[in-house]
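[1] Just to be clear, the model below is a prediction. Sequence and coordinates:
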Amino acid sequence: MASLRELEQRLAARFSGVPGVTDADLTAWLTEAAYIYGYSPTTLDTVPDVETPLVLLLAQIQGARAIAFSTAHYFKYTDAEESVDKTKVSEQYLAMVTSLTADYVRDKDVIDRNKRQYSTFHVMRRLDRDFT
């Protein structure tokens with residue numbers, strides 16, 4: 001079971017190359033992910049290790065959505081000598097959200113499937129009795 005600080009460090013490693021991401025952002029995204037997954041930040045220490053990647057995936061989804069929202073106003077600029085086009089940044093982060101969400105659903109299904117215990121017990125109809 002990972003502590004909140006350990007989860008923040010793992011999330012920081014995943015967003016290390018993204019400019020402008022602060023520790024406060026990481027904490028907010030992880031807190032939101034914890035609430036979505038059914039934990040509070042104070043109970044993150046009780047998250048089983050098998051579910052920790054799901055909480056981190058949710059935090060990444062929250063982060064990518066926040067970045068997409070904050071970059072939606074980016075613009076395209078053309079000058080005689082240079083051209084800058086940042087209009088696709090938000091779309092790329094939204095595509096990342098879609099990919100991360102698919103990963104989350106797949107991983108959650110695997111974990112849920114492993115938690116279920118199937119019974120092979122079946123009750124057969126008796127042939128010597130009429131049930132009509």
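    Done, it's in.

[2] Could you check the strand or helix carrying Tyr35 and say which residues are buried?
    In this structure, Tyr35 is located in helix 23-37 according to DSSP states H and E. Of all the residues in helix 23-37, those buried under the rule 16 or more other C-beta atoms under 10 Å are 25-27, 29-34, 37. Backbone N, C-alpha and C define where each C-beta goes, glycine included.

[3] what does it contact?
    The set of residues external to helix 23-37 that reach it, using C-beta atoms under 8 Å, 6 or more residues apart in numbering, is 4, 7-8, 11-12, 15, 40-41, 43-44, 47, 51, 54-56, 58-63, 66.

[4] Buried only: go through those for me.
    Of the contacts of helix 23-37, these count as buried by 16+ other C-beta under 10 Å: 4, 7-8, 11, 15, 44, 47, 51, 54-56, 58-63, 66.

[5] Could you export stretch 42-51 as PDB, CA atoms only?
    Output in PDB follows, covering the C-alpha atoms of stretch 42-51 (Å, rounded to 0.1, in the frame of the first residue of the first chain):
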ATOM      1  CA  THR A  42      -6.600  10.300   4.300                       C
ATOM      2  CA  THR A  43      -7.500   6.700   3.300                       C
ATOM      3  CA  LEU A  44      -5.200   6.400   0.300                       C
ATOM      4  CA  ASP A  45      -2.800   4.500   2.600                       C
ATOM      5  CA  THR A  46      -5.400   1.700   2.700                       C
ATOM      6  CA  VAL A  47      -5.600   1.300  -1.100                       C
ATOM      7  CA  PRO A  48      -4.400  -2.200  -2.000                       C
ATOM      8  CA  ASP A  49      -1.400  -2.400  -4.300                       C
ATOM      9  CA  VAL A  50      -3.400  -4.000  -7.000                       C
ATOM     10  CA  GLU A  51      -5.700  -0.900  -7.200                       C
END
